[in-house]
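Enquirer: pasting a predicted model and its sequence here:
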Amino acid sequence: MVWGNPPPPMALPRRTSTSSVSSSGSSRVSSPSLTPLDSSAALILVHDEETQSPFHLDSDDDNEDEDSVPQFNVHRTSTPPLSPSLVFLYLLVPYLKLGAMFLPHTATPLNYGLPSLFAFALLAAFARQLLYMLSRYTRSAELEDVVLDLLARGGGKERRRSTIRIIARAGIGGLRALLATVYLRESVHLLLPLLLNGTSLTLRLGLTSIFILVVAPISFAQSLGSKRIVYTTWLTLATYIIWLTCITYAYIHHMPLENAGWLRTGTFWQGPVTIAFAFTSSSTLSLYTSLRGSHQPVTTAKPSKFRSFELLSVLSVILALLLTLPLVIFSADPSVPETSTAPRYSVLSIIPVLNATTLLLSIPSLIVTVPSLPVTDRLRCSTSFPISKILLLVFVTILALVPSRISAILSDILLLCALTSTYFLPAVLHIIAHFFERPLTILTPRNAQSREGRSGPDELLLRKERALQKKQFRKRIVWDLGVWLLLLGGGAGFVAAIGRVLGTW
């Protein structure tokens, strides 16, 4: 029995008891590791033995925090339980990579740059919140599980589920592998102008091989919780801050910020589009799962607000906004070189080195989170080496050595895929979940009868359902309007971008 629309995913009603009662058409197939959270279980009313008014309705949604949500099984993900500080770090650093470092070279006027910066920062936080709510709504720990729950729910769809899982894993892994490829290629091209005979193909091949040998041992880590990955990620944050300081120094002293080492990217890497790419990220749900699975001591004290994924997400976007705001200003007002060039060469030589270091050390965290390649069990058991990661690093190295024309196409593909996965995909999944799929149902036993003259369980559950819907109605309207604006606006921009790119290829 379904009563109206479901409560919004931000505030699911607390289930007092679950049962294995199911009805045709309302069963939900979840990930095997999340069976305790299977939402197909019927919600039934259990009378409390304590004296309480049958019409008492607690405001569960106001008092419920993240710690009251059942724990996810995080052992199946590439991200183990992480502390709030590490989750905040991994939420922040994707915003301080290639997109942010490319901003000073875009020459974007302030009347376009500043509104775009604040708009895309807001949209990035909004889209990340959508994924977070979908994860709680579907009780899924990974993006591929959310997609499976929405597109292949129910029994008898194993072939469809298998196909969708392959496509989802290929899309997630392909985006991260392509991002690692561009990082590696950019790191090499940033340093070539500083070397003698920087246009030599042999020098480029040798530098690429050295870089991949440097990052390979770090990339062999098991997960983002490895100390090698944690220290490397902190180091990338430090190098970015030092790089930003050098850029600021160069701007104040009217030094040119152009650098010939930057890869000749595709035609779509301009102005506001680059700002939009700066606020893209390739992983969100796994970090939420890791935060939920982190150790929490048993205590009666109220949990810290800094354990809230929503707060950490908002703080990471705000800090990224502050760390990229000067770059937009520098881009709008290119500096004119001074006559005195004594200190200029030393600073301008450090900037590409810091650029290359930041991008190069960002590769291991991407390789670790790429889904494993389909390697046969016989090959996997025959050696102790991580065959999947070795093959992935070889693939990344080959793509990093392709000619410039092909690399420009790859950079455009990366841009479109990153924008789609960050802004477009969460809106589509939200609409599918709440407009096209069956809502979560509340079932009651058919033989339920009222006792002691009290109202029956049907009436109580109906009252609570209506109270929750009425309370969250305005919030749901705001979220739905935001989702449709994100979808329509992003869809229009996406179509225009594809047309423009295809027209110039």
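Expert: Perfect, thanks for sending it. Numbers count the residues shown, from 1 in each chain.
Enquirer: can I get the helix or strand where residue 90 lies in CSV? Just the C-alpha atoms.
Expert: Secondary-structure element containing residue 90, defined by DSSP states H and E: helix 84-92. C-alpha atoms of helix 84-92 as CSV (Å, rounded to 0.1, in the frame of the first residue of the first chain):
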residue,chain,number,x,y,z
PRO,A,84,36.8,13.4,9.4
SER,A,85,40.0,15.3,8.7
LEU,A,86,41.0,12.8,6.0
VAL,A,87,37.5,12.9,4.5
PHE,A,88,37.7,16.7,4.4
LEU,A,89,41.1,16.5,2.7
TYR,A,90,39.9,14.1,0.0
LEU,A,91,36.8,16.3,-0.5
LEU,A,92,39.0,19.4,-0.9
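Enquirer: just checking, what packs against the helix or strand that it is followed by?
Expert: Following helix 84-92 in sequence order, the next helix or strand is helix 98-102 (DSSP H and E). In terms of contacts (3 or more C-beta pairs under 8 Å, 6 or more residues apart in numbering; DSSP states H and E), helix 98-102 is packed against helix 158-191, helix 227-252, helix 271-278, helix 309-332, helix 344-360. Quick note: C-beta positions are derived from backbone N, CA and C, even for glycine.
Enquirer: out of these, which is closest to residue 108?
Expert: Proximity to residue 108 (C-beta to C-beta) singles out helix 271-278 among those, at 4.2 Å.
Enquirer: average pLDDT across the next helix or strand after that closest one?
Expert: Past helix 271-278, further along toward the C-terminus, the next helix or strand under DSSP H and E is helix 285-293. Throughout helix 285-293, pLDDT has a mean value of 80.
Enquirer: returning to what we had before: would you list the helices and strands packed on helix 98-102 in CSV and tack on distance to residue 145?
Expert: Listed next are the helices and strands packed on helix 98-102 as CSV, based on distance: least, C-beta to C-beta, whole Å:
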stretch, distance to residue 145
helix 158-191, 9
helix 227-252, 23
helix 271-278, 27
helix 309-332, 17
helix 344-360, 31
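Enquirer: how close does residue 204 get to residue 428?
Expert: Distance, residue 204 to residue 428, by C-beta to C-beta, to the nearest Å: 40 Å.
Enquirer: before we move on, what about residue 203?
Expert: Taking C-beta to C-beta, one finds residue 203 at 45 Å from residue 428.
Enquirer: low-confidence regions, the stretch 201-350 of the chain specifically.
Expert: Residues of the stretch 201-350 of the chain that meet the criterion pLDDT under 70 lie in 257-267, 293-306, 334-345.
Enquirer: go with 80
Expert: 254-268, 270-271, 282-285, 292-307, 333-348 (pLDDT under 80).
Enquirer: okay, now the closest residue in space to residue 276 that isn't next to it in sequence: neighbour count?
Expert: Using C-beta to C-beta, 6 or more residues apart in numbering and skipping residues adjacent in sequence, the residue nearest residue 276 is residue 120, 4.7 Å away. By other C-beta atoms under 10 Å, 25 other residues sit near residue 120.
Enquirer: packing partners for the stretch of helix or strand residue 120 belongs to?
Expert: Assigned by DSSP H and E, residue 120 belongs to helix 110-138. Helix 110-138 is packed against helix 143-151, helix 271-278, helix 285-293, helix 309-332, helix 425-431, helix 457-504, with contacts defined by 3+ C-beta pairs under 8 Å, 6+ apart.
Enquirer: send me the fourth one as CSV with only the CA atoms.
Expert: Output for helix 309-332, consisting of C-alpha atoms alone and laid out as CSV, is shown next (Å, rounded to 0.1, in the frame of the first residue of the first chain):
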residue,chain,number,x,y,z
PHE,A,309,29.4,14.8,5.8
GLU,A,310,27.2,17.7,4.8
LEU,A,311,29.3,20.2,6.8
LEU,A,312,32.6,18.8,5.6
SER,A,313,31.3,19.0,2.0
VAL,A,314,30.3,22.7,2.4
LEU,A,315,33.5,23.6,4.2
SER,A,316,35.6,22.0,1.4
VAL,A,317,33.7,23.9,-1.3
ILE,A,318,34.1,27.2,0.6
LEU,A,319,37.8,26.7,1.2
ALA,A,320,38.3,25.8,-2.5
LEU,A,321,36.4,28.9,-3.5
LEU,A,322,38.7,31.0,-1.4
LEU,A,323,41.8,29.4,-2.8
THR,A,324,40.7,29.8,-6.4
LEU,A,325,39.3,33.3,-6.1
PRO,A,326,42.7,35.1,-6.6
LEU,A,327,43.3,33.1,-9.7
VAL,A,328,40.2,34.4,-11.4
ILE,A,329,41.3,38.0,-10.5
PHE,A,330,44.8,37.3,-11.9
SER,A,331,43.3,35.9,-15.1
ALA,A,332,41.1,39.0,-15.6
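Enquirer: would you mind measuring from the residue nearest to residue 276 to residue 236?
Expert: 22 Å.
Enquirer: cool, residue 389 as well?
Expert: In terms of C-beta to C-beta, residue 389 sits 19 Å off from residue 236.
Enquirer: which one of these two is surrounded by more residues?
Expert: Taking neighbours as other C-beta under 10 Å, residue 389 and residue 236 compare with residue 236 leading, 22 against 19.
Enquirer: wait, isn't that one in contact with residue 358?
Expert: Yes. Counting by C-beta atoms under 8 Å, residue 236 does reach residue 358; the two are 5.1 Å apart.
Enquirer: which strands or helices does the helix or strand where residue 406 lies pack on?
Expert: Assigned by DSSP H and E, residue 406 belongs to helix 404-419. When contacts are defined as 3+ C-beta pairs under 8 Å, 6+ apart, helix 404-419 packs onto helix 158-191, helix 271-278, helix 457-504.
Enquirer: between those helices, which gets nearest to residue 352?
Expert: Among the helices and strands packed on helix 404-419, helix 158-191 sits nearest to residue 352 (C-beta to C-beta), with 4.3 Å.
Enquirer: immediately after that closest one, which helix or strand?
Expert: That would be, after helix 158-191 and using DSSP H and E, helix 201-219.
Enquirer: same for that next one, what does it pack against?
Expert: Using 3+ C-beta pairs under 8 Å, 6+ apart: helix 201-219 touches helix 158-191, helix 227-252, helix 344-360, helix 363-369, helix 387-400.
Enquirer: how about those helices in JSON lines, adding distance to residue 314?
Expert: Listed next are the helices and strands packed on helix 201-219 as JSON lines, based on distance: least, C-beta to C-beta, whole Å:
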{"stretch": "helix 158-191", "distance to residue 314": "24"}
{"stretch": "helix 227-252", "distance to residue 314": "18"}
{"stretch": "helix 344-360", "distance to residue 314": "24"}
{"stretch": "helix 363-369", "distance to residue 314": "22"}
{"stretch": "helix 387-400", "distance to residue 314": "33"}
